[in-house]
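>>> Coordinates only, no sequence provided:
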């Protein structure tokens with residue numbers, strides 16, 4: 001497999017339009033996660049504004065690299081036969097080689113293989129890196145994986161021409177090893193969710209307004225066990241709808257299921273975006289137990305849906321949600337929040353401090369409009385990227 005020229009871009013003329021190549025994701029259209037969703041939004045936004053955008057796309061299997069165009073966006077579709085993380089590393093290397101040969105401005109999303117950016121640096125290709133979260137601090141990784149992520153974080157801070165942090169605390173963390181003027185903070189964006197039908201919710205056996213959603217990987221750092229334990233201490237008159245893959249072979253997954261009362265429903269992994277959006281809009285509250293990371297896409301999406309938010313109490317979540325959330329730490333703290341909010345909902349009385357589900361929902365909309373709409377986020381990215389366009393690009 002070689003990094004050859006890009007035929008679909010042959011009609012470009014030097015200086016005719018700004019050009020950008022997006023690396024580090026599974027590709028577009030988005031189907032896998034937050035970075036892919038962002039890449040899709042940014043690619044379409046820039047294309048509509050006259051940019052030539054190329055996105056590198058990872059595909060399973062063997063065969064030649066395929067070059068095509070999707071909604072005006074050039075795609076370099078690279079098949080990789082290796083599974084899992086090894087395949088991602090191979091893909092990132094092949095994509096970086098291809099981008100280095102093209103010589104256009106690059107936006108690298110994530111730093112998990114930032115050592116490869118040395119090639120871009122050596123070729124004089126400008127490269128802006130979104131540094132994502134502090135991956136090497138996550139408890140789920142073993143010693144070897146943590147060392148790899150730590151190495152690549154430090155490589156990224158040195159090899160990137162400029163760094164993007166999606167949260168002020170990520171920016172402060174990066175400033176330990178990179179000059180502060182090399183870092184720009186731009187949050188993640190989300191769609192405003194409203195006016196969706198209730199049918200997808202009812203099809204899952206849920207009653208609109210009588211369930212809470214929890215959307216997270218079943219890992220200790222996402223507080224799933226504590227949330228399920230707290231919710232199951234007594235009857236709530238609500239359902240806790242848990243999304244995600246639960247494998248009985250995994251001890252933590254078994255523990256979560258064992259702690260669940262009869263008002264907890266495990267819906268499995270749902271990737272159908274309209275269904276997930278409907279689940280968000282029509283819930284009584286969204287539970288966000290993530291303990292680490294920067295600006296988490298799922299929390300931003302909850303604000304965009306106008307959800308009353310119950311979030312783990314940490315500096316990351318408090319900056320994102322602000323006053324639009326009730327915060328908890330551990331099962332006891334979660335139980336206390338639930339007791340307050342849902343006794344209040346049933347009786348119509350006010351909780352201490354005047355907090356109500358309706359007030360939280362209204363605050364979520366306000367916070368979302370302040371900081372997380374796609375037009376605002378994408379405009380900030382475009383302004384930053386224009387600063388790093390090569391001469392004549």
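Good, I have the coordinates. None of these values were measured; they are calculated from a predicted model.
>>> can you map out the strands along the stretch 251-393 of the chain?
Assigned strands in the stretch 251-393 of the chain, in chain order: 264-268, 285-288, 309-312, 325-328 (criterion: DSSP state E, counting those that start in this stretch).
>>> Quick one: closest of the ones you listed to residue 338.
strand 309-312 (7.7 Å; CB to CB). Just so you know, the C-beta spots here come from the backbone N, C-alpha and C atoms, and that holds for glycine as well.
>>> Which neighbouring elements make contact with the closest one?
Counting contacts by 3 or more CB pairs under 8 Å, 6 or more residues apart in numbering; DSSP states H and E, strand 309-312 packs against strand 285-288, helix 297-304, helix 315-321, strand 325-328, helix 330-347.
>>> mean confidence score for it?
Computed over strand 309-312, the mean pLDDT rounds to 98.
>>> Partner strands of that strand, with direction?
Sheet pairing for strand 309-312, assigned by DSSP bridges, gives strand 285-288 (parallel), strand 325-328 (parallel).
>>> how does the protein divide into domains?
When the chain is parsed with automatic domain parsing, its domains come out as 7-189+373-387, 199-371.
>>> ok, the residue lying closest to residue 245 once chain neighbours are set aside to residue 375 distance?
In this structure, residue 245 finds its nearest non-sequential neighbour in residue 269, 4.7 Å apart by CB to CB, 6 or more residues apart in numbering. As judged by CB to CB, to the nearest Å, residue 269 and residue 375 stand 30 Å apart.
>>> who touches residue 108 in this structure?
Residues near residue 108 by CB atoms under 8 Å, 6 or more residues apart in numbering: 23-24, 114, 117, 127-130, 156, 160.
>>> What is the nearest of those residues to residue 207?
residue 130 (39.3 Å).
>>> Now do the contacts for that closest one.
For residue 130, the contact set (CB under 8 Å, 6+ apart) comprises 24, 35, 107-110, 163-164, 166.
>>> So what sits opposite it in the bridge?
Bridge pairing for residue 130 - DSSP bridges - gives residue 109, residue 164.
>>> what do you get for residue 326?
For residue 326, the beta-bridge partners are residue 310 (DSSP bridges).
>>> and residue 39, which of the three is it?
Three-state call for residue 39 (DSSP: H, G, I helix; E, B strand; the rest coil): helix.
>>> cool, the one 5 residues further on as well?
The three-state label for residue 44, taken from three-state DSSP, comes out as helix.
>>> so what's it up against?
With contacts taken as CB under 8 Å, 6+ apart, residue 44 has the following neighbours: 71-73.
>>> ok, now with 7 Å
Each residue near residue 44 by CB atoms under 7 Å, 6 or more residues apart in numbering is listed here: 71, 73.
>>> Hmm, residue 329 is touching residue 311, no?
No. Taking contacts as CB atoms under 7 Å, residue 329 lies outside contact range of residue 311: 10.4 Å.
>>> more neighbours, those two?
Each of residue 329 and residue 311 has its neighbours counted (other CB atoms under 10 Å); residue 311 has more, 25 against 13.
>>> just checking, the more buried one touches residue 317?
Yes. Contact criterion CB under 7 Å: residue 311 and residue 317 qualify, at 4.3 Å.
>>> per-residue pLDDT, residue 220?
On pLDDT, residue 220 comes in at 93.
>>> Residue 141 now?
pLDDT for residue 141: 77.
>>> what residues are up against it?
By CB under 7 Å, 6+ apart, the residues touching residue 141 are residue 149.
>>> try 8 Å this time
Residues in contact with residue 141 (CB under 8 Å, 6+ apart) are 135, 149.
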